[in-house]
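> Sequence first, predicted model second:
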Amino acid sequence: MSETTFVAPCQTLVCDVPRPAVGRITLNRPEKMNAYTFAMTQELQSAVAAYRDDDDLRVLVVTGAGTRAFCTGGDISGADAEHGRKVAAQPMGRGREMREGMQAVVLALRALDKPSVAMIRGYAVAGGLALAMACDFRFAGRSARLGDTSGKVGLLPDEGGAWLFPRAMGLDKALRMTLLSEVYDAARAAQLGLVTEVVEDDALEDATLAFAEALAGRAPLAVRLTKMMMARSAGLSLEESVADAQMAVMIANPSADVREGLKAFFEKRAPKFEGR
């Protein structure tokens with residue numbers, strides 16, 4: 001494991017580079033089951049931006065410290081009471097807090113043109129599930145539990161879940177999960193479309209990092225352009241999508257990576273892509 005960090009030390013996160021070209025952000029409040037505070041959301045935004053802007057990093061892994069939880073949503077324990085009082089005193093405080101907090105994190109992850117992978121141990125519920133769903137892939141340990149518990153205390157899926165959950169599960173299943181505050185084991189979550197792959201708990205880190213390293217070994221330009229094309233395609237017609245592809249081809253096909261890929265193919269060796 002590399003000791004390199006890609007952002008300055010944080011109070012609520014640990015950021016490292018566990019494999020070549022793989023950045024990792026670890027939510028580091030295990031005593032609170034990695035529930036997020038407003039301060040954590042600010043650090044998350046900075047960490048995601050650092051990953052986005054570092055061309056040496058090609059894949060991002062997001063996880064939680066400890067084995068009890070990936071993230072259990074916003075911290076409602078009163079640990080950040082002073083911040084809560086300041087927000088409550090402002091007429092538009094609650095909305096601004098959401099807009100500048102976890103909603104901004106979710107939007108930043110969705111806007112990335114490089115892949116992201118959530119590595120889930122324990123609970124990923126409420127806003128924690130929205131955080132996981134904002135990533136492109138989700139690897140879960142077999143004992144993981146995923147669902148939306150926000151309604152148990154009268155809260156809403158306001159971190160992006162109202163958009164993310166139906167697109168993964170279908171509207172009826174997302175409504176059921178949220179309205180009844182259902183939490184699923186990893187196998188059921190995979191059946192519902194919430195999890196990409198279920199892995200034995202003791203193999204989760206190795207499997208997730210191996211997957212991330214494999215992604216990092218692909219041609220960076222092709223990966224980024226493909227992600228952008230597929231992400232945009234949901235809002236485009238087929239004609240608009242293939243026009244999008246035409247523009248991307250003009251960037252990818254003349255690249256040094258394509259020349260290297262073709263040369264490696266004919267030389268029967270693994271290519272060495274540099275993202276140029």
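Everything's here; your move.

> Next, the contact list for the spatially most central residue of the chain, please.
In the chain, the residue lying closest to the centroid (Cα atoms, centre = their mean) is Cys135, at 2.6 Å. Taking Cβ atoms under 8 Å, 6 or more residues apart in numbering, we find Cys135 in contact with Leu60, Val62, Leu109, Ser116, Val117, Ala118. C-beta here means a position set from N, CA and C on the backbone, and glycine is covered the same way.

> let's see 6 Å
By Cβ atoms under 6 Å, 6 or more residues apart in numbering, the contact list for Cys135 reads Val62, Ser116, Val117, Ala118.

> now Ala174
Neighbour list for Ala174: Phe165, Pro166 [criterion: Cβ under 6 Å, 6+ apart].

> which phi and psi does it have?
Main-chain dihedrals, Ala174, degrees, to the nearest 10: phi -70, psi -40.

> Now do the strands in the stretch 1-150 of the chain.
Using DSSP state E, counting those that start in this stretch, the strands of the stretch 1-150 of the chain run over residues 13-19, 22-27, 59-64, 69-71, 116-120, 123-125, 137-141, 145-147.

> Including distance to Gly78, mean neighbour count and mean pLDDT, could those go into a markdown table?
Formatted as a markdown table, the strands of the stretch 1-150 of the chain follow (distance: least, Cβ to Cβ, whole Å; neighbours: other Cβ atoms under 10 Å; pLDDT from 0 to 100):
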| stretch | distance to Gly78 | mean neighbour count | mean pLDDT |
| --- | --- | --- | --- |
| strand 13-19 | 22 | 18 | 97 |
| strand 22-27 | 19 | 26 | 98 |
| strand 59-64 | 21 | 27 | 98 |
| strand 69-71 | 18 | 28 | 98 |
| strand 116-120 | 26 | 27 | 98 |
| strand 123-125 | 19 | 27 | 98 |
| strand 137-141 | 30 | 26 | 98 |
| strand 145-147 | 24 | 25 | 98 |
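
> can I get the ones you listed in TSV with distance to Ala216?
Conversion of those to TSV gives the following (distance: least, Cβ to Cβ, whole Å):
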stretch	distance to Ala216
strand 13-19	7
strand 22-27	5
strand 59-64	5
strand 69-71	22
strand 116-120	11
strand 123-125	24
strand 137-141	13
strand 145-147	26
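
> who wins for proximity to Met230 among the ones you listed?
strand 137-141 (12.9 Å; Cβ to Cβ).

> Can you pull out the low-pLDDT segments for the protein?
Applying pLDDT under 70 to the chain flags residues 1-5, 79-89, 91.

> Let me see the domain layout of it.
Domain segmentation of the chain under automatic domain parsing yields 13-216, 220-267.

> what's the most buried one of those domains?
Among these, domain 13-216 has the highest mean neighbour count (mean count of other Cβ atoms under 10 Å), at a mean of 19.

> and after the helix or strand that contains Thr178, which helix or strand comes next?
Assigned by DSSP states H and E, Thr178 belongs to helix 171-179. Per DSSP H and E, the first helix or strand lying C-terminal to helix 171-179 is strand 183-185.

> Contacts for that following strand, please.
Taking Cβ under 6 Å, 6+ apart as the rule, strand 183-185 contacts Arg145, Leu146, Gly147.

> which residues touch the closest residue to Ala222 other than its chain neighbours?
With sequence-adjacent residues excluded and distances taken as Cβ to Cβ, 6 or more residues apart in numbering, Ala222 is closest to Ala252, at 5.6 Å. Listed by Cβ under 6 Å, 6+ apart, the contact set of Ala252 reads Leu221, Ala222, Leu225.

> Give me the subset of those lying in helices.
Under the assignment DSSP state H, the contacts of Ala252 contribute Leu221, Ala222, Leu225 to helices.

> Was I right to think Pro30 contacts Thr63?
No: with contacts counted by Cβ atoms under 6 Å, Pro30 stays clear of Thr63, the gap being 11.3 Å.

> Show the residue spans covered by the helices in the stretch 51-200 of the chain.
Under the criterion DSSP state H, counting those that start in this stretch, the stretch 51-200 of the chain contains helices at 81-88, 93-100, 102-111, 127-133, 161-169, 171-179, 186-192.
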